[in-house]
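# Pasting a predicted model and its sequence here:
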There are 2 protein chains.
Amino acid sequence: MATSLISRQLAFSLQKNVWLSASGCRYVSKAAAKTQVEFDYDGPSMTTTVPGPRSQELMKQLGQIQNTGAINFFCNYEESKGNYLVDVDGNRMLDIYTQISSIPIGYNHPALLKVMTNPNNLSTFVNRPALGILPPENFPDKITESLLSVAPSGMTRVQTMSCGACSNENAYKAIFIWYRNKERGPNTPTNEELNTSMINQAPGCPELSILSFMGGFHGRTLGCLATTHSKAIHKLDIPSFDWPVAPFPRLQYPLDEFTRENAEEEARCLEEVEDLIVKWRQKGKPVAGMVIEPIQAEGGDNHASPDFFRRLRNIARKHGCAFHVDEVQTGGGGTGKFWAHEHWGMDDPADVVSFSKKLLSGGYYHKDELQADKPYRIFNTWMGDPSKNLFLSEVLNVIRRENLLEEVTRSGKALLNGLYELQAQYPSILSRARGQGTFCAIDACDDATRDRIMLKARDKGVLLGGCGDRTIRFRPALVFKEYHVNLFLNIFNDVLAQHK
Amino acid sequence: MATSLISRQLAFSLQKNVWLSASGCRYVSKAAAKTQVEFDYDGPSMTTTVPGPRSQELMKQLGQIQNTGAINFFCNYEESKGNYLVDVDGNRMLDIYTQISSIPIGYNHPALLKVMTNPNNLSTFVNRPALGILPPENFPDKITESLLSVAPSGMTRVQTMSCGACSNENAYKAIFIWYRNKERGPNTPTNEELNTSMINQAPGCPELSILSFMGGFHGRTLGCLATTHSKAIHKLDIPSFDWPVAPFPRLQYPLDEFTRENAEEEARCLEEVEDLIVKWRQKGKPVAGMVIEPIQAEGGDNHASPDFFRRLRNIARKHGCAFHVDEVQTGGGGTGKFWAHEHWGMDDPADVVSFSKKLLSGGYYHKDELQADKPYRIFNTWMGDPSKNLFLSEVLNVIRRENLLEEVTRSGKALLNGLYELQAQYPSILSRARGQGTFCAIDACDDATRDRIMLKARDKGVLLGGCGDRTIRFRPALVFKEYHVNLFLNIFNDVLAQHK
């Protein structure tokens, strides 16, 4: 492995048509890669440590207005290109975090800039409509050619929203309405229901629940937060609902080496799910739906097998609970399929699939029966943003034209193989490499080491994100090629070698 | 009155430099008005009833994808200009609802189109940042020149968000965190708090409450919805929190004719507020904050006196509750001041002021002590949208350059006087005309009549919105001049005359 990773210095000095010796003994032409991502830079270029002096100055300025504790540095988005984020001190970093996984095809993609310069599109940016009452003429066509063209199996309906949290909040509402309407049958709501709803009391505001999973993340608004269980600091001091929390399987990696142990762990969790559904029904707080991520992202990149999800979906069906798959972070192609749940190979994978981030605005797909029976029950002023759908159409065109899902699968394999080799080489630092497509992760031995490695990598020109207690998550854009994988592995290897 | 309102036919035939005889015996030069709103049309122009055949066709198409029960018609935003919304059947309507009060300076304002054609702005649209971790270089300057330049008295801090509901959800969270930190004093959270928070239980997720008002509207996500009490259909079937709901004064209009009765009604409500705060503290669900709109909008345009708000603010202070003023609908100039709470004449009007709609994205201002103590407690992926701030800066420039707040005050007076005259003329149909600036309303005798009048007005080229049970609310853009008021009054008079 050590010999197959060329040094960072060499990587940086490479200019054109030089063959890189990459991990896994594959050779990749940098020039060939460049024709695919022609708006990309050649590599990182660092002039200061990060945050540099200009970032620090701006941090002080913004500190007068907001809490800046989470800010990494300030960015020059004009100069950023493709896989590279440029900061205000002139540092250019290979971005493997992409604004918390929300930049689909890199910075300043020419196809998106072209959307902006098309005069026919001006009005969509300048006049934001209230989509629920006064949509633009092209709205049905635009969502048909964008969101519906990638609709999950079995779903022909989609409700747009402005962000991930609003998507999940409204999806939960749709689930509660569907559940109560099922119970109500042909009857209309009683006066008692209507009156009590106005003062937040049952039966109008019933004691229904959404089952979620320990380690899950579904957003931070009060409804979403009741289903989020990734870190205490996100939840502390905020009132919540008494809703059931099931264990998410804690698998051993690589998955195919621990098939038996993992199957046992998944069976244990599924049993607990059924127990909780029964318990909460007995408590008078029936589970109207359950929500789960195909890969728990914020909570530490925890995977489960397709078999687990298939069985879970059956449990939901058996108990009359809606099955809501939250693809806010996993959706949009990072796993090598457009939706992570496609890896489960099911015709009827879910009742609701929510999205945001790489899809540029939010929303959720749902089965016909989950459409609210009356207008204004699922509603707000904007209900999405057609200007984001314009960009999404173009993103989808680029994904298709450039076969980006195949590229992601190829880069992802190279990335995961590289991580396997690195954890073999640095077993005291790294473990549990895992991933699907480029949606990969690896654990450090502890949180302090994880944070130190990430900062060192950043100073060497690689921007990474953390998740869970001690995990590094990889969330590159879909234009992250094998060439970039090798560039990353070289730098990461340097960081680890120096750390050792 | 009848003689002072010229007929609709005449109004439509007027071309240039013709003097309109307006309500209140004031004469307004249409030509003079036109120089101010030069991107405006001359008047409504109707070719079909609304929705026309093309809208109905699109409704069917969209019906395959979404619930279309709330859709009025489909729009041609390219052709819409100033105060006029054009639909897909070529109808051009005077828009006095402005996308649920969210279009600040009319459609396709040249100043906003110019923002789009400035190549320096391209990157802001194409690369949406995760503002909480990687803001653009100009972010502190941009929010200083936009949001902070109109900050409410006593507030130098602002947190941007993407929509109104997220703004209120996060403002509530900031209030809960502030309240618990006050109780906690110098102590750090206990392990029990951290652990219980992960499973939604006290003490980590404490039983705190937000006091809200009957008739109030603060959004439809689960936290917001627990403080919304405008219509049962918004709340039915959605689980909620046991939080106190106080009565909002039911005043008699015009306010200055019922001073004594209204003062008594307000005193009754204030007493109830204090009782509820005590009761909920005794119940173990202390009131951490209260939230109120300066004018209850969705709930039926209910006003209260400045004295009521001053006393309420004192009650909040006395009981250690945060005072949150929700200006999502009232903010942005419609009342003739930028914030409706400015009419109260207070130096310290609130602890939190939330906004959205006319400010193009959401957020909340807050006092220093309400800033969360740690990063990531108030956080999400996007935390607003800098491309909307670009537009907002320009909107504020236009408001200042064209003295739009003064114009709103002037138009508002003409509108309210016209409504007074109409309700005197049609006492069996209309009553309770009220308003501040152009943020006006009038009640119909019942909901069916209200709806019928609004549909007739629409077919004659005036787009209105309803609220409450039987109220018509007026929410024009800030470029709605006296000329437009007169145009509206003429058409409205025709509708009423035909209805009679």
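Received the coordinates, thanks.
# Can you tell me the centre-most residue of chain A?
residue A:329 (1.1 Å; C-alpha atoms, centre = their mean).
# so what's it up against?
A:101, A:217, A:293, A:295, A:297, A:298, A:357, A:475 (C-beta atoms under 8 Å, 6 or more residues apart in numbering or on different chains). Heads up, the C-betas are built off the backbone N, CA and C, glycines and all.
# Closest one of these to residue B:431?
residue A:357 (49.7 Å; C-beta to C-beta).
# Near the closest one, how many residues? Count them for me, please.
Residue A:357 has 28 neighbours, counted by other C-beta atoms under 10 Å in any protein chain shown.
# Any residue of the longest helix seen in chain A touching chain B?
Of all segments of type helix in chain A, defined using DSSP state H, the longest is helix A:259-282. No - remark: helix A:259-282 sits outside contact range of chain B, by C-beta under 8 Å from any C-beta of the partner chain, the gap being at least 11.6 Å.
# And the residue nearest to residue A:495 when sequence neighbours are not counted, how close does it get to residue A:492?
Counting by C-beta to C-beta, 6 or more residues apart in numbering or on different chains, residue A:456 is the residue found nearest to residue A:495 once chain neighbours are left out, at 4.7 Å. As for residue A:456, its distance to residue A:492 is 10 Å (criterion: C-beta to C-beta, to the nearest Å).
# Same question for residue A:267.
36 Å.
# For those two, indicate the residue with more neighbours.
Shown here are residue A:267 and residue A:492; by other C-beta under 10 Å, residue A:492 has more neighbours (26 against 14).
# Quick check: end-to-end length of stretch A:73-84?
14 Å (C-alpha to C-alpha, to the nearest Å).
# Sorry, slip of the keys, the one I care about is stretch A:215-229.
5 Å.
# I'd assumed residue A:433 was in a strand, is it?
Yes - in this structure, residue A:433 lies within a strand as judged by DSSP: H, G, I helix; E, B strand; the rest coil.
# what's near enough to touch it?
A:253, A:254, A:416, A:419, A:420, A:422, A:423, A:440, A:441, A:442.
# Is it possible to mark the buried ones in those residues?
A:253, A:416, A:419, A:420, A:422, A:423, A:440, A:441, A:442 (16 or more other C-beta atoms under 10 Å in any protein chain shown).
# Residue A:62: which of these is nearest?
Among the buried ones among the contacts of residue A:433, and counting by C-beta to C-beta, the member closest to residue A:62 is residue A:441, at 30.3 Å.
# Spatially nearest residue to residue A:288, not counting backbone neighbours?
residue A:179 (3.8 Å).
# Could you tell me which residues of the stretch 351-500 of chain A lie near chain B?
Residues of the stretch 351-500 of chain A lying near chain B (C-beta under 8 Å from any C-beta): A:356-357, A:360, A:371-372, A:374-382, A:387, A:391.
# Next: the stretch 201-350 of chain A.
When proximity is defined as C-beta under 8 Å from any C-beta, the stretch 201-350 of chain A approaches chain B at A:201, A:204-209, A:214, A:219-223, A:226, A:229, A:231-243, A:245.
# Any of the residues you listed buried? List them.
A:204-209, A:214, A:219-223, A:226, A:229, A:231-243, A:245.
# isn't residue A:90 right up against residue A:47?
Yes - with contacts counted by C-beta atoms under 8 Å, residue A:90 reaches residue A:47, the gap being 4.8 Å.
# Which one's more surrounded, these two?
Set residue A:90 next to residue A:47 and count neighbours by other C-beta under 10 Å: residue A:90 wins out with 14 against 11.
# And what about the more buried one, helix, strand or coil?
Three-state call for residue A:90 (three-state DSSP): coil.
# so what's residue A:40 up against?
Applying C-beta under 8 Å, 6+ apart, the residues near residue A:40 are A:34, A:81, A:82, A:83, A:84, A:106, A:479.
# Output the residues you listed in JSON lines; the columns should cover secondary structure, neighbour count and pLDDT.
Formatted as JSON lines, these follow (DSSP: H, G, I helix; E, B strand; the rest coil; neighbours: other C-beta atoms under 10 Å in any protein chain shown; pLDDT from 0 to 100):
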{"residue": "A:34", "secondary structure": "helix", "neighbour count": "18", "pLDDT": "46"}
{"residue": "A:81", "secondary structure": "strand", "neighbour count": "20", "pLDDT": "97"}
{"residue": "A:82", "secondary structure": "strand", "neighbour count": "25", "pLDDT": "97"}
{"residue": "A:83", "secondary structure": "coil", "neighbour count": "29", "pLDDT": "98"}
{"residue": "A:84", "secondary structure": "strand", "neighbour count": "24", "pLDDT": "98"}
{"residue": "A:106", "secondary structure": "coil", "neighbour count": "25", "pLDDT": "98"}
{"residue": "A:479", "secondary structure": "coil", "neighbour count": "26", "pLDDT": "98"}
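# got CSV for those, with distance to residue A:346 too?
Listed next are the contacts of residue A:40 as CSV, based on distance: C-beta to C-beta, whole Å:
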residue, distance to residue A:346
A:34, 39
A:81, 39
A:82, 35
A:83, 33
A:84, 38
A:106, 31
A:479, 29
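# Just the helices from the stretch 351-500 of chain A, written as ranges.
Using DSSP state H, counting those that start in this stretch, the helices assigned to the stretch 351-500 of chain A run over residues A:386-401, A:404-425, A:447-459, A:482-499.
# now those helices in CSV, with mean pLDDT and distance to residue A:65?
Below are those laid out as CSV (pLDDT from 0 to 100; distance: least, C-beta to C-beta, whole Å):
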stretch, mean pLDDT, distance to residue A:65
helix A:386-401, 97, 26
helix A:404-425, 98, 38
helix A:447-459, 98, 25
helix A:482-499, 96, 34
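# To residue B:310, which of these lies closest?
helix A:386-401 (41.4 Å).
# List the buried residues in the closest one.
Going by neighbour count (16+ other C-beta under 10 Å), the buried part of helix A:386-401 is A:386-396, A:398-399.
# How about residue A:51: what's its closest non-neighbour residue?
residue A:73 (4.1 Å).
# What of residue A:151?
Per C-beta to C-beta, 6+ apart, closest to residue A:151 is residue A:365, 5.7 Å.
# what about that neighbour, how many neighbours?
Neighbours around residue A:365, by other C-beta under 10 Å: 27.
# ok, now residue A:91?
Considering only other C-beta under 10 Å, residue A:91 is surrounded by 25 other residues.
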